[in-house]
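*Asks:* Need coordinates for the following:
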Amino acid sequence: MDKWKNQGEGDNESARKYNEETEAFAKSGKVGEAAKDAERALEGGERDELIEAEQAGKARSKGEDPQLDKKAKD
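*Replies:* Down below sits the predicted model:
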């Protein structure tokens with residue numbers, strides 16, 4: 001298969017790869033360390049840049065996924 005083949009919206013191959021890598025990271029034991037790194041970044045010199053990036057992302061967002069509230073209540 002062509003390495004750069006565009007599969008369009010709903011790209012199953014990319015979704016599978018993302019899910020596998022996300023699961024591997026979650027099982028790696030590095031999540032707590034990454035969370036602490038993120039907390040330090042927010043408390044340090046990167047704070048303004050991180051907040052600006054978050055706001056830029058939210059400006060393009062269609063809002064929070066309604067399923068998040070449902071999952072939190074389950």
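
*Asks:* And the pLDDT for the most centrally placed residue in the chain?
*Replies:* The centre of the chain sits closest to Thr22, judged by CA atoms, centre = their mean, with a distance of 9.2 Å. Looking at Thr22, its pLDDT stands at 96.

*Asks:* just Asp74 next, same as before
*Replies:* Asp74 carries a pLDDT value of 64.

*Asks:* With Lys30 instead?
*Replies:* 97.

*Asks:* export the strand or helix carrying Glu54 as PDB, just CAs?
*Replies:* Here Glu54 sits within helix 47-59, counting by DSSP states H and E. Output in PDB follows, covering the C-alpha atoms of helix 47-59 (Å, rounded to 0.1, in the frame of the first residue of the first chain):
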ATOM      1  CA  ARG A  47       1.900  28.800  30.700                       C
ATOM      2  CA  ASP A  48       1.000  31.800  28.500                       C
ATOM      3  CA  GLU A  49       1.900  29.900  25.300                       C
ATOM      4  CA  LEU A  50      -0.100  26.800  26.400                       C
ATOM      5  CA  ILE A  51      -3.200  28.900  27.300                       C
ATOM      6  CA  GLU A  52      -3.000  30.700  24.000                       C
ATOM      7  CA  ALA A  53      -2.700  27.400  22.100                       C
ATOM      8  CA  GLU A  54      -5.700  26.000  24.000                       C
ATOM      9  CA  GLN A  55      -7.800  29.100  23.200                       C
ATOM     10  CA  ALA A  56      -6.900  28.900  19.600                       C
ATOM     11  CA  GLY A  57      -8.000  25.300  19.500                       C
ATOM     12  CA  LYS A  58     -11.200  26.000  21.300                       C
ATOM     13  CA  ALA A  59     -12.000  28.900  18.900                       C
END
